[in-house]
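Trainee: one predicted model, sequence on top.
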Amino acid sequence: MHIKKHIGLMTCLLLLLGGCALSEERKVMASHHRVYYRCDDGHGMDTLFRDLNHDVQLTFLHGSALTLKQVQTSNDVRYGDLSHSLIIKDKYIVWKNGRNAQPINCYPDDTMLMDQSVDRLSSPFSEP
């Protein structure tokens, strides 16, 4: 009887730990968000926001890629480096490609989305 009690306790503990692992996996998956943006200048970009890394990965039509780290501000959500910036507004982003470049408004374009999983890029311009 004593052994059965410990086996039951161990089984419950393993199930509990397994549930925690699944919960963490769902949390990681939910922390990625992919959006394709079409910009006012006619260009587009595939964006993968990675909340756990505090960065965004950008893939452009011509195939180049760029990763920007999140910048702490009190007013908005912003990503950038010395030459580029991406600012999230209510329903669009403001993209600046170069230190002295004019900011460009970009809007979500769900017609370009093929797959929103984190395993594949959603843009048809990216490699499968």
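Mentor: Perfect, I can see it now.
Trainee: the host helix or strand of Arg38 packs against which elements?
Mentor: Using DSSP states H and E, Arg38 maps to strand 32-39. On a contact count with 3 or more CB pairs under 8 Å, 6 or more residues apart in numbering; DSSP states H and E, strand 32-39 meets strand 44-50, strand 93-97, strand 104-108. Heads up, the C-betas are built off the backbone N, CA and C, glycines and all.
Trainee: how much does the first one deviate in direction from strand 32-39?
Mentor: If I follow you right, that is strand 44-50. Relative orientation of strand 44-50 and strand 32-39, computed by axes from the mean of the first three to the mean of the last three CA atoms, to 10 degrees: 160 degrees.
Trainee: and the angle from strand 44-50 to strand 93-97?
Mentor: Going by the same axes, to 10 degrees, strand 44-50 makes 110 degrees with strand 93-97.
Trainee: now the angle from strand 44-50 to strand 104-108?
Mentor: Here the directions of strand 44-50 and strand 104-108 differ by 70 degrees (the same axes, to 10 degrees).
Trainee: show the subsequent helix or strand relative to strand 44-50.
Mentor: strand 55-60.
Trainee: indicate which one of the helices and strands packed on strand 32-39 is closest to Arg38.
Mentor: Closest of the helices and strands packed on strand 32-39 to Arg38 is strand 44-50, at 4.8 Å (criterion: CB to CB).
Trainee: note down every partner strand of that closest one and its orientation.
Mentor: Here strand 44-50 has these sheet partners by DSSP bridges: strand 32-39 (antiparallel), strand 55-60 (antiparallel).
Trainee: of all these, which one comes closest to Tyr107?
Mentor: strand 32-39 (6.0 Å).
Trainee: buried ones in the closest one, by neighbour count?
Mentor: His32, Arg34, Val35, Tyr36, Tyr37, Cys39 (16 or more other CB atoms under 10 Å).
Trainee: kindly reformat the residues you listed as CSV containing pLDDT and distance to Gly63.
Mentor: Formatted as CSV, the buried residues of strand 32-39 follow (pLDDT from 0 to 100; distance: CB to CB, whole Å):
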residue, pLDDT, distance to Gly63
His32, 83, 21
Arg34, 91, 17
Val35, 93, 19
Tyr36, 94, 15
Tyr37, 96, 17
Cys39, 95, 17
